[in-house]
Structure formats: C-alpha cells, structure tokens
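Asker: Show me how the following folds:
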Amino acid sequence: MAVYLDCAATAPVDPRVQREVMTYLGAEFGNAGSRHHGFGSRARSAVEKARVQVAAVVGATRGEIVFTSGATESNNLALLGLAEHGARTGRTHLVSTRIEHKSVLEPLQALSGRGFEVTLVSPERGGWVDPRSILEAVRQDTLLVSVMQVNNETGVIQPVPEIARLLQNHPAYLHVDAAQGFGKEIAPLRDRRIDLISISGHKVYAPKGIGVLVTRRRSGQRPPLTPLMHGGGQELGLRPGTLPVPLIAGLGKASELALAEYRERNAACRRFKEILLRKLQPLNPVFNGDLDRTVPQIINLTLPGIGSEEAIEAVSQVAAISNGSACTSTSESCSHVLSAQRLDEDRMEGALRLSWCHLSRQPDWNGFIRAIEAISEPEHPDRLTALELGQAGPA
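Answerer: Numbers count the residues shown, from 1 in each chain. This next block holds a predicted model:
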C-alpha cells in the first residue's frame, strides 16, 4: 500500500483526538447553546475548554478565540470583515504577498473591486518575502498586512516575527494565515503584534470542517470586524450558527497535544526529511524553495526532465504525493507560488510536493527511484541507474 505523503493537503486524525470527537458525537451530544440542562452545560464546557486549549498554543486568551469552519473561512472573515471599518476610516490600502493561499488572494481581489487598493509583494527566488519589501509597501492609509506563516506549496517559512517588529509603530492590522504552521512553529504566533491568526484543524491532526480566527485585542480593543453572516449571535456575533461541539472538542484536544509534543514531532519530521533528501539524491532533484528556510515536513522539488503528473502516476503504488497545492489541483495552470518565484516553466511543470508528519512511515525509496527511472530516458545505455548510484554511495 502506498505511503501517504500529502499531509500538507490534509493530515490523519490523531487517535486521541478521534476518541474526543466520538465522545461528543455519542453520549455527550448536547447543544452548547442549551443552558437549562446538563447536556447543554457539558457541551458548553467542552467548547470553553477547547478555547483555552487553542489559545494556549498562540499565547492568546479564551475570549480571543472565534471558531470557524476552517482557515479559508477565517481568512475571509479577517479580510472582508475589516472592509467596513476601512471604508469608514479612509484606510483602504491592503498589503499582502503573491504567494498567499487563494483564500487570501481572492478576498483581496473582491475588495479591489469594492474600491480598495491592493499591493502584492513578490517573494525572493528562494520563496520567502523580504520583510523590508513589506515595510516599503505600507502606507499611511494601509488598513491591513496579511502574510502567511508557512507557504503551503513550498514549505518555506515566512519572516513573520521580523514583519511584526517592523510594523510595531504602524496602526495597520497584521493578519497571519497559520494553516500550515499552527501547532508546529510555536514561537512566531505568540507575538502580540499579530492581530489576527487563521487556523485549520485538519492540518494539525483534528477533523476537517473546524478552524479558528484568533482576534487579538490591541490596547483592550478587538479588531473591528463585521460578520459575514447574520443570525444567532454566536462567536462574539462574528460567526452565527449552532456550534459543532465534536469538531471543536477535537481541535481543542489536537491543540493541547501539539503544544505538549511539538518538539518531539518536529524532531521526527526532521529525521524523515534527512532520510528523504539522502535517498532521493541520486535523482538529482532541484528544490523549489530555500531548504534552509523550510519547515521539517514539506519539500517542493522538480526531477529534471520529468513532468509532475507523470511522476505522481509512476510512484502511486509507493507514495501518495502532490503536484503542488491540493486546493488548486484541478487547475491546468502552473502554480502562482512558483510563478511568483520566477521559476522557469519546465521547473514549474515538474514540481512535486512531498509532505509528511510525525505519524508517517518511510516509503520504499528504492521502489520510488525504480518507478521514476522507468519513465526517464537514459542518456547513456551503459550508465549506472540512479538506484545503483544510491546503493554505491554513502548510506
């Protein structure tokens, strides 16, 4: 059976999280909005406990946690939710980057159609954004700066702490899409200069369909968000609807485990990465992101002369991998992230994303190499195969 190496798209649910979810799907099925009996009060207690568990990871308070359906909704609420305040105060300039997730770029495009001016900063060729470029883009009328913590396609860590420091004396709100970094890269998200943080449950071993928008107070005031939906008043009036208690409890448990175990998990992912880099070396991979700036669990690479779809199909019996962001896998166009890095077309068309987690097992790398060799044309009939080279080299 193929080893799953697409954890940046979605990760497996931790068995301990699954047990927590099942408790609130089964015996404890109450509505957290029902305050007049034990079923409702126990559900409410589970929700409030989860707020504390999530808040602890980012150094926030329970009252700063707003549950959503995931990072996409959180991103939309953060960006579109500030629009009314921006229009009212004359702050109609927004700054972001060209490598953001579509759930940031498309709301920005929508705001552009509503009279806002958007500046998108290009990354360096290694996939990271220079903090000075962000500061240079900021103006007096800038309402918001939105920069992701970890790029979902390349795994490159963005310099969020440096950006937060440079914005220290500017009133612009700072939003961070932390879908790929929450519970993994802990310290950067604890910076109090970050006003809004988007979190995705299913990237941190919780179920799909649950996320958070952290709405951090500044000088005692929350970011002036306007809800996108109305009716019910739940979640500070920002996200109406009956709370999905099982999913919320699962995210709370996943957050608690992430905070307790992130060092050991990162160490396991680093070991996996070291083995992967060594095993794939005979294939002469070209890395589409500065390896010194990537997280331990995501790599984007191109195997020279081999298209991504061809490679994915060839290794499908060995490993399940991606040709970039799963969110845009139905598109025929090349990655907007790699295009922003100014990579050539062949390199983009061959780009593969391998992503794993602390629960992942090593695939049969020899079988992986044989599968790639079967679709590549040897330059010389008598040359050693990549597999033979790998066996001849250091272990």
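Asker: and residue 334, what helix or strand is that in?
Answerer: When elements are assigned from DSSP states H and E, residue 334 belongs to no helix and no strand.
Asker: meant to ask about residue 358
Answerer: Going by DSSP H and E, residue 358 is not in any helix or strand.
Asker: hang on, it packs against residue 269?
Answerer: Yes - under the criterion of Cβ atoms under 8 Å, residue 358 makes contact with residue 269 at 6.0 Å. From N, CA and C alone the C-beta is placed, and that goes for glycine too.
Asker: quick one: the strands in this structure?
Answerer: Counting by DSSP state E, residue ranges of the strands within the chain are 3-4, 65-68, 93-97, 117-121, 142-146, 173-177, 196-200, 211-215, 286-287, 298-302, 319-320, 351-355.
Asker: now the ones you listed as TSV including mean neighbour count?
Answerer: TSV is the format used below for the strands of the chain (neighbours: other Cβ atoms under 10 Å):
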stretch	mean neighbour count
strand 3-4	18
strand 65-68	26
strand 93-97	25
strand 117-121	17
strand 142-146	25
strand 173-177	27
strand 196-200	30
strand 211-215	28
strand 286-287	15
strand 298-302	25
strand 319-320	20
strand 351-355	26
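Asker: Out of those, which is closest to residue 239?
Answerer: strand 65-68 (5.7 Å; Cβ to Cβ).
Asker: Need the residues that contact that closest one.
Answerer: Strand 65-68 has contacts (Cβ atoms under 8 Å, 6 or more residues apart in numbering) with 47, 50-51, 54-55, 74, 77, 210-215, 235-236, 238-239, 243-244, 248, 251.
Asker: Whichever of those residues end up buried, select them in PyMOL.
Answerer: Selecting only the buried entries of the contacts of strand 65-68 in PyMOL, with 16 or more other Cβ atoms under 10 Å as the criterion:
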select buried, resi 47+50+51+54+55+74+77+210+211+212+213+214+215+235+238+239+243+244+248+251
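Asker: from memory residue 245 sits against residue 48, does it?
Answerer: No - counting by Cβ under 8 Å, residue 245 stays clear of residue 48, with 10.9 Å between them.
Asker: more neighbours, these two?
Answerer: With neighbours defined as other Cβ atoms under 10 Å, residue 245 and residue 48 compare such that residue 245 has more, 27 against 15.
Asker: can you pull the buried residues of the lengthiest helix in the chain?
Answerer: Secondary structure of the chain per DSSP state H: the longest helix is helix 245-280. Using 16+ other Cβ under 10 Å as the test for burial, helix 245-280 gives 245-258, 262, 265-266, 268-269, 272-273, 276, 279-280.
Asker: what sits against residue 355?
Answerer: 5, 6, 7, 8, 9, 155, 297, 298, 299, 322.
Asker: In helices, which of the residues you listed fall?
Answerer: Using DSSP H, none of those sit in helices.
Asker: what angle separates the longest helix of the chain from strand 298-302?
Answerer: For helix 245-280 against strand 298-302, the angle by axes from the mean of the first three to the mean of the last three Cα atoms, to 10 degrees is 50 degrees.
Asker: And the average pLDDT for helix 245-280 is what?
Answerer: Averaged over helix 245-280, pLDDT sits at 98.
Asker: which of the residues in stretch 152-160 are buried?
Answerer: 152, 153, 154, 155, 156, 157, 158, 159, 160.
Asker: Out of the residues you listed, which is nearest to residue 144?
Answerer: Distances from residue 144 to these, taken by Cβ to Cβ, are shortest for residue 160, at 14.5 Å.
Asker: domain parsing for the protein?
Answerer: Domains of the chain are assigned by automatic domain parsing as 3-9+262-392, 15-257.
Asker: ranking those by burial, who's on top?
Answerer: Comparing the domains of the chain by mean neighbour count (mean count of other Cβ atoms under 10 Å), domain 15-257 comes out on top with a mean of 20.
Asker: Spatially, which pair of the contacts of residue 355 is furthest apart? Let me know, please.
Answerer: 9 and 299 (14.1 Å).
Asker: about what we covered before: would TSV of the strands of the chain with distance to residue 375 be doable?
Answerer: Shown next, in TSV, are the strands of the chain (distance: least, Cβ to Cβ, whole Å):
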stretch	distance to residue 375
strand 3-4	19
strand 65-68	42
strand 93-97	35
strand 117-121	37
strand 142-146	40
strand 173-177	36
strand 196-200	34
strand 211-215	39
strand 286-287	17
strand 298-302	14
strand 319-320	15
strand 351-355	13
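Asker: Dump these into JSON lines; add mean pLDDT and distance to residue 86 as well.
Answerer: Shown next, in JSON lines, are the strands of the chain (pLDDT from 0 to 100; distance: least, Cβ to Cβ, whole Å):
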{"stretch": "strand 3-4", "mean pLDDT": "98", "distance to residue 86": "42"}
{"stretch": "strand 65-68", "mean pLDDT": "97", "distance to residue 86": "19"}
{"stretch": "strand 93-97", "mean pLDDT": "98", "distance to residue 86": "8"}
{"stretch": "strand 117-121", "mean pLDDT": "98", "distance to residue 86": "11"}
{"stretch": "strand 142-146", "mean pLDDT": "98", "distance to residue 86": "4"}
{"stretch": "strand 173-177", "mean pLDDT": "98", "distance to residue 86": "9"}
{"stretch": "strand 196-200", "mean pLDDT": "98", "distance to residue 86": "14"}
{"stretch": "strand 211-215", "mean pLDDT": "98", "distance to residue 86": "16"}
{"stretch": "strand 286-287", "mean pLDDT": "96", "distance to residue 86": "39"}
{"stretch": "strand 298-302", "mean pLDDT": "97", "distance to residue 86": "33"}
{"stretch": "strand 319-320", "mean pLDDT": "97", "distance to residue 86": "42"}
{"stretch": "strand 351-355", "mean pLDDT": "97", "distance to residue 86": "35"}
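Asker: So for residue 23, which of these sits nearest?
Answerer: Of all those, strand 65-68 comes closest under Cβ to Cβ, at 17.8 Å.
Asker: For residue 222, see how far away residue 82 is.
Answerer: 11 Å (Cβ to Cβ, to the nearest Å).
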